[in-house]
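Chemist: Structure, please.
(chains A, B, C and D)
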Protein chains: 2
Amino acid sequence: MTGKPTIKDVAELAGCGIATVSRVLNNSGPTSLEKRQQVEEAVEALGFQFNEMGRSLKSNQSKAIAVLVPTLTNPVFADAIEGIQEAASELGYEIILICSNYNADAELAGLKTLISRQVDGVILTVSDPHESAALDLLRQTSTPHCLIFNHSGDIQHSAVGVDNVAAARLVGDKMIELNHKKAAFVAVHFNSSDRSKARYDGFCAAFRDSGLREPGLIEVDYAPKDLEVSLSAVFRDDPDISVLFASNDLLALSCIRALRALGKRVPEDVSVVGFDGIAIADLVEPNLATVSTPCRAMGRTAAKLVISGLTGKSSDQNAPDQPGPEPTLITLPFEFRSGNSLAPYRTKIADERAATHPSAVATTPLNINQTK
Amino acid sequence: MTGKPTIKDVAELAGCGIATVSRVLNNSGPTSLEKRQQVEEAVEALGFQFNEMGRSLKSNQSKAIAVLVPTLTNPVFADAIEGIQEAASELGYEIILICSNYNADAELAGLKTLISRQVDGVILTVSDPHESAALDLLRQTSTPHCLIFNHSGDIQHSAVGVDNVAAARLVGDKMIELNHKKAAFVAVHFNSSDRSKARYDGFCAAFRDSGLREPGLIEVDYAPKDLEVSLSAVFRDDPDISVLFASNDLLALSCIRALRALGKRVPEDVSVVGFDGIAIADLVEPNLATVSTPCRAMGRTAAKLVISGLTGKSSDQNAPDQPGPEPTLITLPFEFRSGNSLAPYRTKIADERAATHPSAVATTPLNINQTK
DNA sequence: GTTCACTGTGGAAACGTTTCCATTTTGGGC
DNA sequence: GCCCAAAATGGAAACGTTTCCACAGTGAAC
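Modeler: Presented below is the predicted three-dimensional model:
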């Protein structure tokens, strides 16, 4: 009996058959008190734990769900995953994690290994939900799954996320409300992020609807130098731009840094707004105006959605002809979070606010116009 | 043949036995070209993929390693995990992720489910490596494992990390070099983080060795209000404190925010230094002086260490009496990263530097005294 | 024509579990 | 004391794979 003890070892020590051990340990059938005790003693003595592989093989479910995201570097994904893991854990599931690095090929390859591991469900974020080999495979193998962050209108697949278009439109409206006339949208991975595109769309719509010119699109790299160069060129061509909307908070912070390096003050010269509402956005100075999204809840919701579909499915065995429950689209609420990085366009008020900026020797608390 | 096709289905379609299919697909024995082609066609036609559960059950290895960390909210863990995932993937392994929330009970519970899933190895960060039920279980079941971030001197367990004591001592030396006489150490989860303790020890040592009074310890909560209250009390009792060392970067940023709320300028009134070197620390203003640690590399190294031990072990089957290779301690280099959050104590130079602070309307690039 | 080594092949056992089924035991009602 | 239902139990099949083993063919050397 080298290696881990098996149910067979327990049976032998307890002096009974393996079926009895299984029944005792799973409470899945009648057992005498005597046997029950003997088994429990044997388990204790041996330190026995079930081998989930044997179990899974028999029951044909792994009690594991896969999580496939572009990266963990962006805190939104980290938060969502923590939510997924938490909810999954509560429901008796484990998660297997793969990062795709915003690469569609890696998405597909990762997914294949995940499927061959017999994961019971998949929670994922893809580059382009409208053209994704990974999603095709998922549907083709009728693997239960749920998108997060991807929140496309047409519901071919279950998804939970926020309405990016509406959120971005709100951002645009807030800017217009503050008298900004000319804005630009800054994005990384624009072509491999439908979120960026949706946000840009909503942003444009706000300006269009107010009769203003649509904001330009600035595609950049995360490399700080690249950002500086790009922004420098943009402001050379178009010095009137008074506000930037970054496709995510991390990028927004990078923009602020780059703007400073270019000798522009935020928000006096240029305002900046982010997206996601990561925790750090609230720690820095100026604190970042952004759209706060419930990443963690998104993860929790997705996990519960996928897993509930799983258990429902297995019990509903008498109707196995349906290809699974129809896709569900869950839209979670977002919230605009104002911050010092967004100020009105060229007004007295802007100048007054500037006085509370750390540049002044003022010792007043800074969080004056923060909603939180 | 409802559900996924199995090797049996392939065999049937190819008109051969399952053993042949296995041999073809694994290149694990002689096969005629004819059979080989038939099998390949059948695989193609059926879209067959191995069921890894059956495989694992037979081979008694899951090709999965577990990752157990306190949280994903702190970017250091997220980065390390990305490194682990990347390296594991390259070596044909998947990772299963559990967060313990800095809770020793959760560590143990999580580990148990992980072990019952037959993970081949475990990479983890625990609250207290000297008194960890999880680590005991790991040794007791002789599961290959490796600590990350925990980097205790005595090597009962393999570990990869940086020398926290030395790093913190260096931080102390830098401060002393800049004429600071009185410092304090700020920590969250002090009692469930040996990292914090090691850093505090090293920090104290630096001051002690220079004949200065040992810095006080400020234990706080992450809640921003709590931090403000704590710091306020500290500076009331001890107004001479000119520099804070935070146990990690996230906390350092929170400290800067709290100090501002208390009307203190950073670094003019109080300097702040962090630990970890997270990317964002370099984006904010003032950019954070910190100790930069190779988190991602730490993850990669740990993954390679654990997995190499695995494969080495299985091949070395003729000597199964040894309880596994002896623990390896890998110490990765750190680097002090200067930043505007740390300035000399009350000197002319400090005032000059202050001029480059965004408070001034100066348009000079800011990263003047940054090493990077 | 016999032996031999080798290639190719499939049957079957094994991995650890769950669960169906058949068997034995129990105990209550007569 | 008998009968029958219900409770308790263990044997064995099954899940999908790998791999040992035995067996059939194929040439080559004698």
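Chemist: you'd agree A:Phe185 is in a helix?
Modeler: No: A:Phe185: not assigned to a helix; according to DSSP: H, G, I helix; E, B strand; the rest coil it is strand.
Chemist: Identify the residues contacting it.
Modeler: Contacts for A:Phe185 (Cβ atoms under 8 Å, 6 or more residues apart in numbering or on different chains) come out as A:199-200, A:203-204, A:215-218, A:244-247. C-beta: built from backbone N, CA, C; applies to glycine.
Chemist: let's see it at 10 Å
Modeler: By Cβ atoms under 10 Å, 6 or more residues apart in numbering or on different chains, A:Phe185 lies in contact with A:168, A:171-172, A:196, A:199-201, A:203-204, A:214-219, A:244-247.
Chemist: So how do I select the buried members of these in PyMOL?
Modeler: Buried subset of these, written as a PyMOL selection, criterion 16 or more other Cβ atoms under 10 Å in any protein chain shown:
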select buried, chain A and resi 168+171+172+196+199+200+203+204+215+217+218+244+245+246+247
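Chemist: residues from chain A in reach of DNA strand C?
Modeler: Neighbours of DNA strand C within chain A, by Cβ under 7 Å from any atom of the strand: A:3-4, A:6-8, A:18-19, A:22-23, A:25-26, A:28, A:50-51, A:53-55, A:57-59.
Chemist: Report the buried members of those.
Modeler: Among the residues of chain A next to DNA strand C, the ones that count as buried by 16+ other Cβ under 10 Å are A:4, A:6-7, A:22-23, A:25, A:51, A:53, A:55, A:57.
Chemist: just to revisit the earlier point, show me the contacts of A:Phe185 that map onto strands.
Modeler: Within the contacts of A:Phe185, residues falling in strands by DSSP state E are A:216-219, A:244-246.
Chemist: that older thread, could you pick out which of the residues of chain A next to DNA strand C are located in helices?
Modeler: Mapping these onto helices (DSSP state H) picks out A:7-8, A:18-19, A:22-23, A:25-26, A:53-55, A:57-59.
Chemist: Hmm, A:Ile65 and A:Ile96 touching each other?
Modeler: Yes: contact criterion Cβ atoms under 10 Å: A:Ile96 and A:Ile65 qualify, at 7.5 Å.
Chemist: Looking at those two, which has the bigger crowd around it?
Modeler: More neighbours surround A:Ile65 than the other of A:Ile96 and A:Ile65, with 28 against 22 (other Cβ atoms under 10 Å in any protein chain shown).
Chemist: what residue ranges in chain A score low on pLDDT?
Modeler: Counting by pLDDT under 70, chain A shows low-confidence ranges at A:1, A:312-324, A:347-372.
Chemist: Residues of it that sit close to DNA strand D?
Modeler: When proximity is defined as Cβ under 7 Å from any atom of the strand, chain A approaches DNA strand D at A:15-20, A:23, A:29-32, A:34-35, A:54, A:57-58, A:60.
Chemist: again, only this time at 6 Å
Modeler: A:16-20, A:29-32, A:34-35, A:57-58 (Cβ under 6 Å from any atom of the strand).
Chemist: in chain A, which spans are strands?
Modeler: Using DSSP E, strands in chain A cover A:64-69, A:94-99, A:121-124, A:145-148, A:159-161, A:183-188, A:216-220, A:243-246, A:271-273, A:290-292, A:329-331, A:335-337.
Chemist: Which neighbouring elements make contact with the fifth one?
Modeler: It refers to strand A:159-161. strand A:145-148, helix A:295-315, strand A:329-331 (3 or more Cβ pairs under 10 Å, 6 or more residues apart in numbering or on different chains; DSSP states H and E).
Chemist: Which strands border that strand, and is each parallel or antiparallel?
Modeler: Here strand A:159-161 is paired, per DSSP bridges, with strand A:145-148 (parallel), strand A:329-331 (parallel).
Chemist: Please name the nearest non-neighbouring residue to A:Gly3.
Modeler: Leaving aside its chain neighbours, A:Gly3 sits nearest to B:Asn60 (7.7 Å; criterion: Cβ to Cβ, 6 or more residues apart in numbering or on different chains).
Chemist: Can you report how many residues neighbour that neighbour?
Modeler: B:Asn60: 13 neighbours (other Cβ under 10 Å).
Chemist: That one reaches B:Gln118, doesn't it?
Modeler: Yes: under the criterion of Cβ under 10 Å, B:Asn60 makes contact with B:Gln118 at 7.8 Å.
Chemist: dump the residue contacts of the closest residue to A:His189 other than its chain neighbours.
Modeler: Distances taken as Cβ to Cβ, 6+ apart place A:Tyr102 nearest to A:His189, at 5.2 Å, with adjacent residues excluded. For A:Tyr102, the contact set (Cβ under 10 Å, 6+ apart) comprises A:69-71, A:125-127, A:188-189, A:191-193.
Chemist: Of these, grab the buried ones for ChimeraX.
Modeler: Burial among those is assessed by 16+ other Cβ under 10 Å; the matching ChimeraX selection reads:
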select /A:69,70,71,125,126,127,188,189,192,193
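Chemist: Looking at the contacts of A:Tyr102, spot the one nearest DNA strand D.
Modeler: Nearest to DNA strand D out of the contacts of A:Tyr102 is A:Val126 (Cβ to the nearest atom of the strand; 26.4 Å).
Chemist: which ones are touching that closest one?
Modeler: A:Val126 makes contact with A:68-70, A:100, A:102, A:104, A:107-108, A:111, A:132-135, A:138, A:147, A:149-150, A:157, A:192-194, according to Cβ under 10 Å, 6+ apart.
Chemist: go with 8 Å
Modeler: A:Val126 is in contact with A:68, A:100, A:104, A:107, A:132, A:134-135, A:147, A:150, counting by Cβ under 8 Å, 6+ apart.
Chemist: same deal with A:Arg169?
Modeler: With contacts defined as Cβ under 8 Å, 6+ apart, A:Arg169 is in contact with A:202-203, A:205-206.
Chemist: Recalculate using a threshold of 10 Å.
Modeler: When contacts are counted by Cβ under 10 Å, 6+ apart, A:Arg169 touches A:163, A:199, A:201-207, A:209.
Chemist: can you count the residues close to the closest residue to it other than its chain neighbours?
Modeler: Leaving out its chain neighbours, the residue that sits closest to A:Arg169 by Cβ to Cβ, 6+ apart is A:Gly202, at 4.0 Å. Neighbours of A:Gly202 under the rule other Cβ under 10 Å: 21.
Chemist: any idea how far the residue in the stretch 201-350 of chain A that chain B sits nearest to is from DNA strand C?
Modeler: Proximity of the stretch 201-350 of chain A to chain B (Cβ to the nearest Cβ) peaks at A:Gly263, 3.1 Å away. Relative to DNA strand C, A:Gly263 is positioned 67 Å away (Cβ to the nearest atom of the strand, to the nearest Å).
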